[in-house]
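> Got a predicted structure plus its sequence, pasted below:
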Amino acid sequence: MRSILFVLLLVSTSLVAQLPKLKISENKRFLQTEDGKPFFWTADTAWELFHRLSKEEAFDYLEKRASQGFNVVQAVVLAEQDGLRVPNVNGDLPFYSLETLRPNVPYFTHIEAIMAKADSLGIYIAFLPTWGDKLFKESWGIGPEIFTPEKAKAYGKWLGLRFRAQNNIIWVLGGDRNIREKSKDVKVWREMAKGIEEGLGVFRSGIFTFHPQPASPGGSSNWFHKDKWLDFNMQQTGHCPDSASYRKITHDYNLKPTKPTLDGEPLYEHMPLCFNEKKNGYSQASDIRKIMFWNVFAGALGQTYGCNEVWQMYDTDKKPIISPVAPWHTALDLPMANQIKHLKNLMLSRPYFDRIPDQSLIEGEQDDDGEYVIGTRDDSGTYAFVYFPTGKTVNINTKNLTGQNLKATWYDPRTGASFILGRTQNFGSFSATPPSSGRGNDWVLVIDDAAKGYDKPGKVAY
């Protein structure tokens with residue numbers, strides 16, 4: 001009888017799944033719902049969501065992000081900010097003992113309530129079982145280091161059992177750590193993945209990835225690309241501007257076997273550039289938009305956003321990390337948080353699953369700098385998008401576009417507004433000059449086969 005009761009404690013009964021499961025698209029490039037609809041990953045980074053916020057605060061946060069168009073929130077169970085020894089707002093720690101890792105059920109009940117609210121709002125949780133400092137602290141992190149391969153598997157199996165009924169879950173291992181040479185790191189993460197899958201059983205709810213530090217040439221793909229448990233790759237392109245992030249996406253895009261890829265931690269908004277606000281100042285929305293459009297046009301399955309105040313849920317009673325400038329709840333309305341939906345809406349306004357990166361759309365050589373113009377189109381050539389970070393003039397090659405007559409439209413990534421540039425015969429190329437130029441004057445040129453009758457860019461077709 002006790003064993004039956006224990007199993008009942010493991011498996012949540014408080015959650016009623018509303019959202020469809022996510023799966024990898026047939027061509028292995030994108031995500032889709034199990035009923036076949038495109039899913040463009042539009043994530044916010046809220047690492048301390050489960051640890052630092054009350055249920056009411058978490059609900060307010062989720063409602064705000066849902067209203068801004070986010071459909072994924074990235075959060076950690078065993079949090080970075082001393083999550084093993086500092087209790088959550090309810091006074092609960094995740095484990096009764098760090099020796100046995102016996103779970104404290106109320107801690108996970110709090111998480112379930114937040115996940116249920118996210119589900120009701122159409123938000124999936126990118127669910128990190130632990131921050132990486134619980135495996136090794138390296139030069140930063142609090143730890144303590146608790147995971148061996150055996151403990152990682154047991155913990156993973158417990159989580160799989162507990163959350164097996166959750167459709168709105170995306171499993172993210174790693175937690176801001178790369179793999180050390182001559183270590184058990186690879187085995188720890190593989191055993192954790194194995195444990196989760198055993199706990200899930202036939203349910204197999206959720207897809208899997210791995211959150212690394214910045215790495216070269218790839219991210220998760222450097223160690224786990226051929227692992228069956230890894231459904232898609234994740235990069236961290238880091239917190240410096242003009243880092244040619246598209247090259248990392250391109251690296252993963254070209255790997256075999258084919259798997260989707262994503263930048264899961266780009267430059268955050270309100271972030272000291274390269275971690276040095278005195279020398280470099282803070283990031284601006286234009287810095288972040290550029291990285292996002294670069295990544296997606298290079299072939300990413302979507303894009304993650306982050307804010308320096310929100311990831312840590314900073315408030316005046318908390319120790320500041322990396323020089324935040326405002327409490328988290330006042331930072332929710334920063335410009336880029338309200339602009340990322342324009343990227344999502346643009347990508348969902350044209351045929352989705354056969355989109356490919358195509359730099360042949362831009363004629364001439366380019367430097368890997370902040371003015372890099374990048375292009376993408378559908379495989380059959382009925383439309384193309386070209387992103388201009390600074391509004392410079394370039395020649396557009398339209399030979400791979402099938403329409404005899406082309407319709408050109410400028411799309412504003414700051415507002416989602418668009419206006420028709422004009423119609424022209426497809427002569428093979430034309431010169432394009434955006435409406436404005438300079439830093440912060442980025443534009444997307446949308447080129448459509450006029451015969452297709454596509455709606456205005458940004459009007460979601462799905």
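Received, thanks.
> can you tell me how far residue 155 sits from residue 110?
Between residue 155 and residue 110 the computed distance is 18 Å (Cβ to Cβ, to the nearest Å). Quick note: C-beta positions are derived from backbone N, CA and C, even for glycine.
> Looking at those two now, which is surrounded by more residues?
residue 155 (26 against 20; other Cβ atoms under 10 Å).
> Distance check, the closest residue to the more buried one other than its chain neighbours against residue 158.
Excluding its sequence neighbours, the residue lying closest to residue 155 (Cβ to Cβ, 6 or more residues apart in numbering) is residue 101, at 5.7 Å. In this structure, residue 101 lies at 8 Å from residue 158, with Cβ to Cβ as the measure.
> What of residue 308?
Taking Cβ to Cβ, one finds residue 308 at 33 Å from residue 158.
> Ok, residue 272 next?
38 Å.
> what does residue 439 give?
Taking Cβ to Cβ, one finds residue 439 at 49 Å from residue 158.
> backbone phi and psi for the most centrally placed residue in the chain, please?
Centroid-nearest residue in the chain, with Cα atoms, centre = their mean: residue 304, separated by 3.2 Å. The phi/psi pair for residue 304 (degrees, to the nearest 10) reads phi -100, psi 140.
> Could you list which residues are in contact with it?
Contacts for residue 304 (Cβ atoms under 8 Å, 6 or more residues apart in numbering) come out as 41, 43, 44, 45, 72, 74, 262, 263, 264, 265, 266.
> Is it possible to get JSON lines of these that adds secondary structure, distance to residue 372 and neighbour count?
Output for the contacts of residue 304, formatted as JSON lines (DSSP: H, G, I helix; E, B strand; the rest coil; distance: Cβ to Cβ, whole Å; neighbours: other Cβ atoms under 10 Å):
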{"residue": "41", "secondary structure": "strand", "distance to residue 372": "23", "neighbour count": "25"}
{"residue": "43", "secondary structure": "strand", "distance to residue 372": "24", "neighbour count": "25"}
{"residue": "44", "secondary structure": "strand", "distance to residue 372": "26", "neighbour count": "27"}
{"residue": "45", "secondary structure": "strand", "distance to residue 372": "25", "neighbour count": "23"}
{"residue": "72", "secondary structure": "strand", "distance to residue 372": "27", "neighbour count": "27"}
{"residue": "74", "secondary structure": "strand", "distance to residue 372": "27", "neighbour count": "24"}
{"residue": "262", "secondary structure": "strand", "distance to residue 372": "20", "neighbour count": "26"}
{"residue": "263", "secondary structure": "strand", "distance to residue 372": "15", "neighbour count": "29"}
{"residue": "264", "secondary structure": "strand", "distance to residue 372": "21", "neighbour count": "31"}
{"residue": "265", "secondary structure": "strand", "distance to residue 372": "21", "neighbour count": "26"}
{"residue": "266", "secondary structure": "coil", "distance to residue 372": "15", "neighbour count": "27"}
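> for this protein, what spans make up the helices?
Using DSSP state H, the helices of the chain run over 2-10, 49-52, 55-67, 105-120, 149-162, 185-200, 221-224, 245-253, 277-280, 285-297, 308-311, 335-347.
> what's the neighbour count on residue 64?
15.
> residues contacting it?
If you count contacts by Cβ under 8 Å, 6+ apart, then residue 64 has residue 332 around it.
> And it, what's its pLDDT?
Residue 64 is assigned 98 on the pLDDT scale.
> same question, residue 17
In this model, residue 17 carries a pLDDT of 59.
> hang on, the earlier thing: which one of residue 439 and residue 158 is surrounded by more residues?
When neighbours are counted by other Cβ under 10 Å, residue 158 comes out ahead of the other of residue 439 and residue 158, with 19 against 14.
> mind checking how far residue 442 is from residue 389?
Counting by Cβ to Cβ - residue 442 and residue 389 are separated by 5 Å.
> Spit out the residues that contact those two alike.
290, 293.
> quick one: which of the two has more around it?
Between residue 442 and residue 389, counted using other Cβ under 10 Å, the more crowded position is residue 389 (26 against 22).
> right, and the more buried one touches residue 444 too?
No. Using Cβ atoms under 8 Å, residue 389 is not in contact with residue 444; the gap is 10.4 Å.
> list residues touching both of the two?
With Cβ under 8 Å, 6+ apart, residue 389 and residue 444 have common neighbours residue 293.
> so where's the protein uncertain?
Scanning the chain for pLDDT under 70 picks out the ranges 1-17.
> Mind doing that once more with 50?
Along the chain, segments meeting pLDDT under 50 span 1-15.
> surely the residue nearest to residue 155 meets residue 146?
Yes. With contact defined as Cβ under 8 Å, residue 101 reaches residue 146; the gap is 6.7 Å.
> For residue 177, which non-adjacent residue is spatially closest?
residue 132 (3.0 Å).
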